[in-house]
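> Okay, here's the prediction I keep looking at, along with the sequence it came from:
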Amino acid sequence: MEDQIKETLRLVYSSGRPMPAHFTQNGDRNQSFCIDFEPLTKDDDEAMASEAWGSTSDFLSVDKCGDEILDKSQFNMVTKVGEDMMVGAFILAKLNGGSLMTEIKRAIIDDTIETFKNKVNNADQVLAGKQVNRYFDHCMEYGHGRATS
């Protein structure tokens, strides 16, 4: 099982995309995670890239009650993590590791905290936020569902 997590993380982090997948082209793919994984079709790539970006407003919008407010660097970090979780859940499901979703989520968050702790204010607190985690859960459910449908 640990091999499935390692392989999933290797694939997720193999992408060299400098921008969100929604704005990244790769060959004939208008929206792409730029990950070389045969089960990830053009349709899957483009649907997930669109969903990860498009659903941010459903989960990360500012509420009149004072919910979490993200600055631009925090928003960009959260969006990247949501994309990584979505495609990670897709890959893990295709590797028959559907029971490891909690572990892949934790691994991606831990890696992101380490990567962004000196680049984004309060990275660890932002990634622990309620709205942010609702977004992450949505991304993971969408990626897993896309892989298993």
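Arrived safely, thanks for sending. Numbers count the residues shown, from 1 in each chain.
> what separates the helix or strand hosting G143 from the chain centre, distance-wise?
Assessed by DSSP states H and E, G143 sits inside helix 130-148. The chain centroid and the centroid of helix 130-148 are separated by 8 Å under Cα atoms, centre = their mean, to the nearest Å.
> Just give me the neighbour total for R17.
R17: 17 surrounding residues under other Cβ atoms under 10 Å. C-beta here means a position set from N, CA and C on the backbone, and glycine is covered the same way.
> same thing with F33?
F33 is flanked by 31 other residues according to other Cβ under 10 Å.
> on that earlier part again, CA atoms only for the helix holding G143, dumped as CSV, please.
C-alpha atoms of helix 130-148 as CSV (Å, rounded to 0.1, in the frame of the first residue of the first chain):
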residue,chain,number,x,y,z
LYS,A,130,-12.6,24.5,7.4
GLN,A,131,-13.6,26.0,4.0
VAL,A,132,-10.3,25.0,2.5
ASN,A,133,-10.7,21.4,3.6
ARG,A,134,-14.2,21.3,2.2
TYR,A,135,-12.7,22.3,-1.1
PHE,A,136,-10.0,19.6,-0.7
ASP,A,137,-12.6,17.0,0.0
HIS,A,138,-14.6,18.0,-3.0
CYS,A,139,-11.5,17.8,-5.2
MET,A,140,-10.6,14.4,-3.9
GLU,A,141,-14.2,13.1,-4.3
TYR,A,142,-14.3,14.4,-7.9
GLY,A,143,-11.0,12.9,-8.8
HIS,A,144,-11.9,9.5,-7.3
GLY,A,145,-15.3,9.6,-8.9
ARG,A,146,-13.8,10.4,-12.3
ALA,A,147,-11.5,7.4,-12.0
THR,A,148,-14.1,4.9,-10.9
